[in-house]
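mind folding the following:
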Amino acid sequence: MLYLVIERFKDAGAVEVYRRAKEQGRMLPDGLHYVSSWVDLEFTVCFQLMETDDEGLFAQWISCWSDLVDFEIVPVRASAEAAALIAARL
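Prediction:
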């Protein structure tokens, strides 16, 4: 399953987030997979696409970053899948 992860950087900001990522990596538990990400132009919000079959893995990963980042986890589906599912209602 795909998830949109919205990360809002806390007061320490993007510099500390990037520093930790450079030193320790993403610190993803086995089974939680990074797909891609985008950062806003002000370096205050990161939007990540991640994939897992176990939503519970997010808690473990977030615990590594919660001092620097506030998280919102949103289950999502690809547009093609959404169109196929909604087609019966059209």
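
which residues touch the host helix or strand of Ala83?
Taking DSSP states H and E as the criterion, the element that holds Ala83 is helix 79-86. Residues outside helix 79-86 that contact it (Cβ atoms under 8 Å, 6 or more residues apart in numbering): Arg77. C-beta coordinates here come from the backbone N, C-alpha and C atoms, glycine included.

could I have it exported to CSV, CA atoms only?
Taking only C-alpha atoms (Å, rounded to 0.1, in the frame of the first residue of the first chain), the coordinates of helix 79-86 have been written out as CSV:
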residue,chain,number,x,y,z
SER,A,79,-5.0,7.9,-10.0
ALA,A,80,-5.4,5.0,-12.4
GLU,A,81,-6.5,2.7,-9.6
ALA,A,82,-8.9,5.4,-8.3
ALA,A,83,-10.4,5.9,-11.7
ALA,A,84,-11.0,2.1,-12.1
LEU,A,85,-12.7,1.9,-8.6
ILE,A,86,-14.9,4.9,-9.2
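
list the buried ones in that helix?
Neighbour-count burial for helix 79-86, counted by 16 or more other Cβ atoms under 10 Å, picks out no residue.

and for stretch 35-43?
Neighbour counts using 16+ other Cβ under 10 Å place Val39 of stretch 35-43 among the buried residues.

same thing with stretch 47-55?
Counting neighbours by 16+ other Cβ under 10 Å, one finds that the buried residues in stretch 47-55 are Gln48, Met50, Thr52.

could you do stretch 56-63 as well?
Burial within stretch 56-63, assessed by neighbour count using 16+ other Cβ under 10 Å, is assigned to Leu57, Phe58, Trp61.
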